[in-house]
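Enquirer: Below is the structure, and that's it, no one-letter string:
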């Protein structure tokens, strides 16, 4: 039995042989475009998170004006019946040596940043955990920093992953 090749079949076979190199070229271009797009999205995403935190903080400062908002006002807005226990709630008072000597590093760093923003050290702080309200199923922590008279000095928004 001999196989014969008719002209149309051979022409199609020749095209198939040529196709993979052109497809590879197109595929490589698509891969490079996707990689570049992913890199741009990653860089924009990092910037957006920092920008979003700053925007949320500014919104919180309008809701809770420093110097006029009391600890009691904050508690009323979060709900009087809200459980005041970890992890949904956290509170701390400034040690006599200052926030620099506070044992929990993440709390110490936040309290010191607040001190830089507000221009004075907070006597105490509270952190609430709950729904963000701006993102569907988004969770966040909101930190409140108070002076010795329980008046708000500063507020800070933090993304929560759980």
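Expert: Okay, I see it. In this text, all values refer to a predicted model and were calculated from it rather than measured experimentally.

Enquirer: three-state assignment of residue 77?
Expert: Judged by DSSP: H, G, I helix; E, B strand; the rest coil, the three-state class of residue 77 is helix.

Enquirer: same question, residue 26
Expert: Three-state assignment for residue 26 (three-state DSSP): helix.

Enquirer: swap in residue 52?
Expert: helix.

Enquirer: Name the helix or strand of the protein that has the lowest mean pLDDT.
Expert: Lowest mean confidence among the helices and strands of the chain (mean pLDDT, DSSP states H and E): helix 7-63, at a mean of 68.

Enquirer: what's near enough to touch residue 152?
Expert: By Cβ atoms under 8 Å, 6 or more residues apart in numbering, the contact set of residue 152 is 64-71, 73-74, 144-146. (C-beta placed from N, C-alpha, C; glycine too.)

Enquirer: is it fair to say it lies in a helix?
Expert: No - Residue 152: not assigned to a helix; according to three-state DSSP it is strand.

Enquirer: Tell me how many other residues crowd the nearest residue to it once chain neighbours are set aside.
Expert: Residue nearest to residue 152 in three dimensions, not counting chain neighbours: residue 69, with 4.1 Å by Cβ to Cβ, 6 or more residues apart in numbering. Residue 69 has 20 neighbours, counted by other Cβ atoms under 10 Å.

Enquirer: strand partners of the helix or strand containing residue 157, parallel vs antiparallel please.
Expert: Secondary structure assignment for residue 157, by DSSP states H and E: strand 152-160. Strand pairing for strand 152-160, using DSSP bridges, gives strand 139-146 (antiparallel).
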